[in-house]
Structures are given as C-alpha cells and as structure tokens.
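> Following is a predicted model, sequence given first.
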Amino acid sequence: MRKTIRIDKAINLEWIVPNMSTINISHLRLLATYALVVDCGSFAEAARRVQSSRSRVSEQISQLESQLGVRLLQRSTRQLTITDEGKMVYAEAKKLHDIIQSIDQSLVEPIPSGRVSITVTNDIAHKFLLPLLPNFKAKYPEISLNVITSDQRLDLIAENIDLGIRIGLPRDDALIGRVLYQERFSLYASKEYIEKHTEPSSINELQNHRWILLQQLNVGASQHLMLDEIPFEATPTQYEISNSPHFIQEMVKAGLGISTLLPSTVKNEVAEGSLVRIFPRVSSAPLLFTLVYPSRMHVPSRTRALIDYLVETCRFG
C-alpha cells in the first residue's frame, strides 16, 4: 500500500545524524533508493521500478541505516512506518533521488544521436566508407559523423577519436578490435608499364623491376611475400616510396612501377583496364582489417550504432 508522507521543512542532516558528514560518496545512491522506497510505500514496488529484488532493496536500506547510525523505517509484515529521523533524512534524500532520476533521463537516447568520429585512410574512405554512408544516415538521421581521413596511424585516445579502421589487431590493450574482413595484397602494374618492361615471372625478375612502396608497411626495401603460399623475400634495387595508399595506386596507374595493392581497392581500375594484376602466384600473407575503438564499459548508443552497422555491412571485397 502506497504511503504518502508530509515533510514540513528540510533540516540539516549533520545535526540529526553526526555520521552524515563522513558518509562515503559511493553510498549516495543508497539515499536515492531510500527516497524511492518512501515514495513507493513498499520495498516491492521500489524494487520493481529499479528492476531489482525486494530483498536487495531491503538490504540497501539496512546498509544505509548502518552508515547513518539511525533507524529510518519500522518494518512489519504488512506495512512500513517511517521514523522521525527517517522523515528528516527523506527531506534531503528526495532531492538526491530527483537529481539522479533527472540525470538518468537525460542520458537515455531512445534514438541514437550526436556526433561520432572515425578515422580511415583515404583509399578506404573513398572506396568503402563513402558508399555505406547514405544507408547509415537513412537509418540513423540523428547521428552526425566526423570522418577523419589520414594515411597516418592516429592515436584514438589522445586525439579523442571514437573509431578507426586499421590493418591488423590492436597491440594496445586500451583498444578493442572487431574483425571486418581478411584480404591479401597482390601485385599490380599498368598496361603501359608491362608493355615496356614485360611481366615478371620469377623472384629474380621481380627484384629487377621498379617498385612503389607504402612507407607504413616497409622498413627498408625488402618485400615479404608468398609464392604459392611459400614465404620469400624480394629486395628491389629501384623504388619510389609514399605514405599514401591512394597516391601509390595513382603512381602505378601512371606507369611508374609495380606495387602490392589490395584487390578490393582496385576493382574498378582493373575492370576499366588501367591496372593489371601480374604474377598471380605471388601475394602477401593474409591481413586482417579491423574496426578499433577505445575499450570502455559504456559505449554511447550513437557509437555502438556505427560499430554494429560497420561490422554488419563493411565486408570489403
């Protein structure tokens, strides 16, 4: 049975309850729970509202009474009776309950909204992310995106970036990695380059060609590749180098050399004839493309929506 309690005025709790000044801040929620019990008039109803059990709520009130050193409620099998000290505590606890309830309501997002930042390389941004955005925006019109295109590996935590698409699993324990796709690099050249220099058919011939290397994937010029699934190393004597995967594709198209490129990023160029796959027995070891984000227990619903959408739809290739 619901009990309505009238409080005439608020009284300084430190005068009534000496221990109040030393109460641990972690127990403030106990005060809010107490206010809810008084408002509901029963442990059972209060438990239902916070999706807990009656015994758990009763235990929390007993814990609060121990902290304060006073009896707040008199229990019987049929009703709760609030003590004089309980009335005085309620006057202050009610304010706290209202504050927590207001905060909880303000954080609830029935429809995910707000801004989400994601960093990707320029080629991935144009070839994969961009085609996915119209459907994502149609599904989540209240979410705004900050797409940071960079061919450098940005620090998500230091730069306060929500998500990133990377090659390989994160080595930092502070990051979570969700695998999107697995792919291998293959060798490509332009038709003009092949007509001028002929297509390589052996490892020795490979090393004599002019290469275009991606700076982030190379320490020196050595190329660690696989021939019919058997690892080998090729060390070109002539090569250009760039930190931009997209620019490397353009250099290969311009006939400046051969390079290892991702088949999924050059499908259109192969279809139109501006790039040709060469020496098809050669590839890289399998590479994992992952969606990475800072490890945290409570991911905002707007960020979770983009994570789930990309994991479901961003299947490269």
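Done, it's in. Numbering: from 1, shown residues only.
> Against His246, how distant is the closest residue to Ser42 other than its chain neighbours?
Excluding the flanking residues, the one nearest Ser42 by Cβ to Cβ, 6 or more residues apart in numbering is Leu80, at 6.5 Å. Bear in mind the C-beta positions are built from the backbone N, C-alpha and C, glycine included. Using Cβ to Cβ, to the nearest Å, we find Leu80 at a distance of 69 Å from His246.
> now swap in Gln79 and tell me
From Gln79 to His246 the distance is 73 Å (Cβ to Cβ).
> So for these two, which residue has more residues nearby?
For the pair Gln79 and His246, the greater number of neighbours falls to His246 (18 against 11), based on other Cβ atoms under 10 Å.
> residues in contact with stretch 185-201?
206, 208-210, 252-263, 266, 270, 273-280, 282-284, 287 (Cβ atoms under 8 Å, 6 or more residues apart in numbering).
> In strands, which of those fall?
210, 259-261, 276-277, 282-283, 287 (DSSP state E).
> Out of these, flag the one nearest to Glu65.
Closest approach to Glu65 among these (Cβ to Cβ): Leu287, at 60.2 Å.
> The closest one contacts Arg184, doesn't it?
Yes. At 6.6 Å, Leu287 counts as touching Arg184 under the criterion of Cβ atoms under 8 Å.
> Tell me how far Ala271 lies from Lys139.
30 Å.
> Asp155 too?
In terms of Cβ to Cβ, Asp155 sits 30 Å off from Lys139.
> What of Glu159?
27 Å.
> Also Leu72?
49 Å.
> what do you get for Ile248?
34 Å.
> higher neighbour count, those two?
Ile248 (25 against 11).
> Just to be sure, that one is in a strand?
No. Read with DSSP: H, G, I helix; E, B strand; the rest coil, Ile248 is helix and lies in no strand.
> Surely it and Ile258 touch.
No. Applying Cβ under 8 Å as the test, Ile248 and Ile258 come out as separate, 10.7 Å apart.
> Common neighbours of those two, please.
Ile212.
> Just the buried ones from the contacts of stretch 185-201?
Buried by 16 or more other Cβ atoms under 10 Å: 206, 209-210, 252-253, 255-263, 266, 274-276, 278-279, 282-284, out of those.
> Please enumerate the helices of this protein.
13-16, 28-40, 43-49, 54-68, 84-107, 122-124, 130-139, 191-197, 203-208, 245-253, 267-272, 301-313 (DSSP state H).
> Can you tell me which of these is packed in deepest?
Comparing the helices of the chain by mean neighbour count (mean count of other Cβ atoms under 10 Å), helix 28-40 ranks first with a mean of 22.
> just how off-centre is that one within its chain?
Offset of helix 28-40 from its chain centre (Cα atoms, centre = their mean, to the nearest Å): 34 Å.
> so what does it touch, helix or strand wise?
helix 43-49, helix 54-68, helix 84-107 (3 or more Cβ pairs under 8 Å, 6 or more residues apart in numbering; DSSP states H and E).
> what would those helices look like in CSV with mean pLDDT and distance to Tyr239?
Formatted as CSV, the helices and strands packed on helix 28-40 follow (pLDDT from 0 to 100; distance: least, Cβ to Cβ, whole Å):
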stretch, mean pLDDT, distance to Tyr239
helix 43-49, 87, 68
helix 54-68, 89, 67
helix 84-107, 77, 53
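> Can you spell out the domain ranges of the protein, please?
If you go by automatic domain parsing, the domain ranges for the chain are 13-107, 114-183+288-313, 186-285.
> Quick check: which ranges of the stretch 51-200 of the chain have low pLDDT?
77, 97, 100-101, 103-109 (pLDDT under 70).
> Render the CA-only coordinates of stretch 159-175 in CSV, please.
Extracted in CSV, the C-alpha atoms of stretch 159-175 (Å, rounded to 0.1, in the frame of the first residue of the first chain):
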residue,chain,number,x,y,z
GLU,A,159,43.0,12.6,-30.4
ASN,A,160,39.6,11.7,-28.8
ILE,A,161,38.5,9.7,-31.8
ASP,A,162,35.7,7.2,-31.4
LEU,A,163,36.6,4.6,-34.1
GLY,A,164,39.3,3.7,-36.6
ILE,A,165,39.7,1.2,-39.4
ARG,A,166,43.1,-0.4,-39.3
ILE,A,167,45.1,-3.3,-40.7
GLY,A,168,45.8,-5.9,-38.0
LEU,A,169,44.6,-6.3,-34.5
PRO,A,170,45.4,-3.5,-32.0
ARG,A,171,48.5,-4.1,-29.9
ASP,A,172,47.4,-1.6,-27.3
ASP,A,173,45.3,-3.2,-24.5
ALA,A,174,43.3,0.0,-24.3
LEU,A,175,41.8,-0.7,-27.7
